[in-house]
Each structure stands twice: as structure tokens, then as C-alpha cells.
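K.L.:
What follows is a predicted structure for the sequence shown.
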Amino acid sequence: MSDATRLDLGVIENWIGLGSRVLDLGCGDGTLLRTLISNKQIKGYGLEIDRDQIVECVAKGVNVIEQDLNRGLANFETDSFDSVVMTQALQVMHRPDQVLDEMLRVGKECIVTFPNFGNWRARLHLGLRGRMPVTKQLAYQWYDTPNIHFCTVNDFEALCGEKNITILHRQTIAEQFPDQALKDLWPNAFATTAIYHLSA
Amino acid sequence: MPDTIPTDSVGIVTPHTLQFDEPLELACGQTLDGYQLVYETYGELNAAHSNAVLICHALSSHHHAAGYHSIDDKTPGWWETCIGPGKPIDTNRLFVVCPNNIGGCHGSTGPTSINSATDKPWGPDFPPLRARDWVHTQAHLADALGIEQWAAVIGGSLGGMQAMRWSLEYPERLRHCVVIASALKLTAQNIAFNEIARRAIRSDPEFHDGRFLEHDTLPRKGLALARMIGHVTYLSDDMMGKKFGRELRSGDFQRGQHNAAEFQVESYLRYQGQKFSESFDANSYILITRILDYFDLAREYHDDPAEAFSNALCKFLVIAFTTDWRFAPERSREITDALVSANKDVNYAEIDAPQGHDAFLLPIDDYIRLLSAYMNRIAAEVDA
């Protein structure tokens, strides 16, 4: 989750209002919040469980709270944040659907990013080689991966449909050729990362 | 006794004493005509007077937080792990002040002091205190030392309660508030332990309704028992198991023998109790446990801690320890949640440590790293 080439952060920044109150779920070393504090003058809090990352946040002067997302967000009041953000962590949750519900309860808007498992490289890996995909972005074996709930762009949008979640914006990211050229035409097959801006 | 003073220690220190002649109005409605504070300082106050840090002590500690009083001292101050050159509370950069609170028994005015009205020790007649009374005396000490604003007010356990009270009583006078292993208020279980301790003291025939000094005696047994109860609650089950197990200090379990077995843990508790009963005042113990029981940060703010904290202007660091059951992580999460609700800057970490409540005094790597990271930022911020 501490990918150095975090292209999604720039997209997220565009969807965050000036001076808003932001909760970042799985905030890592606080890079996103630090950027938003500087560029958008936000009041931000990050939730994290990794001790090294927490120390990093503290050193950066980013508000970080040790909290396991799998225990829910019950301690946060309804609509108490302008935006609740979760980058590249949905797939490690025990129940991503419930986390999404909680995000939309606590935040007026949500921003979610996740790796698109429908990307053709992943499909090829499984389809031709018959092995679970191990790609640059998803560099784990099936038995040691923290990513326990993969989904595709289409899966995610189906879930949003079922839950009547409004998709305010969608952006996709792809770094390689030909993915970059084709990601907007056929996101489910060519996006490597999907970024959604949602409201209840 | 150290052969030489360790280089990361503040070294040999001497306590200071300040007499305050201004009457102190107490939360209970009574007034102290004047009082004395004993305190220690480590490091140097910078020219801007911006690098001062206040350490608030817990139930049974005092002003001697770091260093040694003499080369013959067996042990250093009670928070030697965190205060010193290069340590989390770095005395190369920060000016550290630690007073003994009034009502205590280590030199500041308390039940063992002479009440000028009667020319006898105050004993049980020392006015009941609240944490805010301590905070007010600490503010007077700050005035006397020329400290307009603390870079941080820091405390563990009951010390954390004082730090939080500071943030509400004098919001402009601190930049950061560090609250370790503390709570917004005690739980019923926690009050229960305090009451058992007080009952133990009061049941000692040598207590004489608190007038034991006039009877030239000490309620040693009661105080020792109170301390033993405390000690059990400051450690975790696991830690006691690791430290003592079922090891015997003497005797055995041989069949057909009657050689009373004594477990290591019994001997440990007895030793701790005895040591404490010689060095702590029974009236102080009763008075200070009452301060703990009565503390309720949000009581006057419609019992809403977020409303209480909305008055604070400082930033907060809140730390809890996983196996602390006297001041459980849940209590620290309540503090944190209230601060988030109040839109205050807060960091919260739950340190994985087996040592129970005592962990806040111990050199636990994750804890030290976290506190260092936070304190480094403070030092940089105040240009220390």
C-alpha cells in the first residue's frame, strides 16, 4: 500500500473541498493527508494499525489514530466528516461492503480506490497460466496476500447499484501500454487502479 | 548504585523549593493561606522561554522524575526512561519542570506539613483537593519561573488527568498535551480498588482517624496492604505469571511435611508494601485516591467530553497500553474520540505491551519511538 507511484493521490486531491474535514482509512505514512493539509488546508485524521507508519505520521505532524478498520467506525458520528477516503485498502477488509456502508454513514462523501482485478493482465495470468495473478501491483502469492476480497470495476459498480450508492465521479489509472490508451474505453479490462467518488 | 552516572542521565540533581504566600482558593471552597512547592528542573530554559515542559506526576510519585540526588542513590528518578539527554523528553533541547503536588508527602505542602492555625500537622484535616487545584499551583509555579506557555504538559495515569485539566483551565498556556494511560474519569471498578485501599488504611489501629503523627506512630500495615492491592492492579496477569510464576521463595509442598510455602509473588508484594509504608503518608494516600475518584473532566460540560475539549487550544498525544486494565485502552479511546468530535488535533496509539499499567514507566521500544517522534516535533516547533 505504500506504492511510491501513487497516481491516485492527485485525483483524490481534486475531489476534496478546500478546508474540509477528512478521515483517511488506512492512512499509511500520512502522505495523502500531508498533501491535503498543504494544498487544501484540510483538517485530517488518519486511521492506521501499522506501528512504523503511525510513527511516520506523528513525525510528519499528521493526526493519526490507531484503529483496526475491521472493528468498524462505530466511534465516529454520522456525517461527522466531509470526506472519508480509503486508498488501496478495500480489498484487505473482512467485509468491504460493510466498510463502504460505514464510510458513507460517517462521511458526507467517500473516495475509494482499489486495484482492478479485471485488468487483462490478471485475467491472462489466471486464464492462460491457470495460476492466481502475481503482478507488479499485486505482488503477493495467494497464501500470503493481505488482499482477501478482490473485485473488478464492474463488480464494484454492481455493488454500488445494489446499495443505491451514487457514483459522483470515476477515474481510472493505468501506467503501461496499451492499458493507458484503452482504460477509458474499457475500464474493466484496462484500468489497473479504479478511483471512485461516492455519496449515499 | 551506579558506579558512574550514565551519560544519558541528567546526572546529579537538587530539588528546589518555592514558597507561595498568595492564598489559594480550592475547588472545595476552602482556602490555603500559602503553600510550598518542591520541584526539580532539568535542561535549560531557552531565551524565548518557549521550551519548557511540565511533567505531572501520578498517585505515588513526586518531583524527582529524573537523575540522581547523589552518587549513592540506588535508583534514579521515576521517569528516567523518558527524561534525559537524547531521550524522548530530551533535556538537551527542552527545559523540564516536575513539581511535587500539594497534598503529597515529598516536601510540598500536604497532610504532614504543620497547619499554622493549630501548630500541629494537618493530618486528616488537610483540605480535600481536586486535580484543578494542582493545575492552579502548577500555573503559579510557571509564573514564578517566567514560563508564559508550556511547550507541553505531560502526564501518565493521574498525571494525564492533570494534563487534560490544564488544556481546559489554561488553554492558552500549553501548546501540546500528552496523556498517557489515563482516563476522562475512573470506572466503578477503579474506584472500588481505591476504596479497598483506603479501607485497609483506615482499618489499621495505628491510623487513629488520621492523627497517627500526634500519636507518634504510622499505620504501616494498612498502608502496606493498600500498596499491595495497588501493585496487583498495576500489573497484568501475564506479567505476574512471567515475573513470579508459582516459584517458591521458601518452604515446600512435600507430602507429610508442614513447611509453609511462600510464593515469590507474596514476598514481592510484602516487600513493596513495607517499603511504601515507610515512605508515603497515609493521609496523602487517602487524599490523592479521592482526587482520582472525583476526577471527571466533562462533569461541568454537560457530561460531554467533546464539549469540554472544545475549549482546548493545544494539540494532543494520547497513548494507552494493551494489557493495562486499570486504565484500559478503551478509556484512552474515549479521550481520543472526544477530541476528534471536538475537531482537535490528536494522535492516538495503543502500545502492545505485556506490563499492564506500569508500562508507562518502562522502556518499551514502540512507546519510546512514538513519544520521541512527537517530542522531536515539539522541540523543532519551539525552536529548541
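P.N.:
That came in fine, so what should we check first? Numbering: from 1, shown residues only, chains lettered A, B, ... in the order given.
K.L.:
give me phi/psi at A:Asp97?
P.N.:
With angles defined as degrees, to the nearest 10, A:Asp97 sits at phi -60, psi -40.
K.L.:
How many residues are close by it?
P.N.:
13 (other CB atoms under 10 Å in any protein chain shown). C-beta coordinates here come from the backbone N, C-alpha and C atoms, glycine included.
K.L.:
what does A:Asp68 give?
P.N.:
Per other CB under 10 Å, the neighbour tally for A:Asp68 reads 10.
K.L.:
how about the residues of chain B near chain A?
P.N.:
By CB under 8 Å from any CB of the partner chain, the residues of chain B that approach chain A are B:317, B:333, B:336-337, B:340-341, B:343, B:345-350, B:366, B:369-370, B:373-374, B:376-377.
K.L.:
what do you get if the cut-off is 6 Å, keeping everything else the same?
P.N.:
By CB under 6 Å from any CB of the partner chain, the residues of chain B that approach chain A are B:336-337, B:340, B:345-350, B:366, B:369-370, B:373-374, B:377.
K.L.:
Just want the most central residue of chain B.
P.N.:
Chain B has B:Ala58 as the residue nearest its centroid, 1.0 Å off, counting by CA atoms, centre = their mean.
K.L.:
Please identify the helix or strand for the residue lying closest to A:Val92 once chain neighbours are set aside.
P.N.:
In space, and not counting its chain neighbours, A:Val92 is closest to A:Pro146: 4.6 Å by CB to CB, 6 or more residues apart in numbering or on different chains. Under DSSP states H and E, no helix or strand contains A:Pro146.
K.L.:
Then B:Ile286?
P.N.:
Assigned by DSSP H and E, B:Ile286 belongs to helix B:282-294.
K.L.:
and residue 129, how many neighbours does it have?
P.N.:
Picking chain A for this. By other CB under 10 Å, the residues close to A:Arg129 number 10.
K.L.:
The chain in question should be chain B.
P.N.:
Applying other CB under 10 Å, we find 24 residues neighbouring B:Leu129.
K.L.:
gap between the residue lying closest to it once chain neighbours are set aside and B:Trp134?
P.N.:
Nearest non-adjacent residue to B:Leu129, counting by CB to CB, 6+ apart: B:Gly103, 4.8 Å away. Between B:Gly103 and B:Trp134 the distance is 8 Å, computed by CB to CB, to the nearest Å.
K.L.:
Please apply the same query to B:Val96.
P.N.:
Between B:Val96 and B:Trp134 the computed distance is 17 Å (CB to CB).
K.L.:
Angles on the backbone of A:Ile49, please.
P.N.:
Torsion angles, degrees, to the nearest 10, at A:Ile49: phi -120, psi -10.
K.L.:
just B:Asn347 next, same as before
P.N.:
Dihedral angles (degrees, to the nearest 10) for B:Asn347: phi -120, psi 140.
K.L.:
And the one 4 residues further on, by the same measure?
P.N.:
Per-residue torsions, B:Ile351: phi -80, psi 130 (degrees, to the nearest 10).
K.L.:
Surely it and B:Ile368 touch.
P.N.:
No. With contact defined as CB atoms under 6 Å, B:Ile351 does not count as touching B:Ile368 (9.6 Å).
K.L.:
Neighbour count: the two, which is higher?
P.N.:
Using other CB under 10 Å, the more surrounded residue of B:Ile351 and B:Ile368 is B:Ile351, with 26 against 16.
K.L.:
Identify the bridge partners of that one.
P.N.:
On the basis of DSSP bridges, B:Ile351 is bridged to B:Phe321.
K.L.:
Now do the contacts for it.
P.N.:
If a contact means CB atoms under 6 Å, 6 or more residues apart in numbering or on different chains, then B:Ile351 has B:Phe321, B:Asp366, B:Tyr367 as its contacts.
K.L.:
and if we set it to 10 Å?
P.N.:
Counting by CB atoms under 10 Å, 6 or more residues apart in numbering or on different chains, B:Ile351 makes contact with A:51, A:66, B:180-181, B:319-324, B:329, B:359-360, B:364-371.
K.L.:
List the ones among the residues you listed that fall in helices.
P.N.:
Taking DSSP state H, the ones among the contacts of B:Ile351 that sit in helices are A:Arg51, B:Pro329, B:Asp365, B:Asp366, B:Tyr367, B:Ile368, B:Arg369, B:Leu370, B:Leu371.
K.L.:
mind checking the backbone torsions on the residue nearest to A:Gln180 when sequence neighbours are not counted?
P.N.:
Leaving out its chain neighbours, the residue that sits closest to A:Gln180 by CB to CB, 6+ apart is A:Ala174, at 4.9 Å. Dihedral angles of A:Ala174 (phi, psi; degrees, to the nearest 10) stand at phi -150, psi 140.
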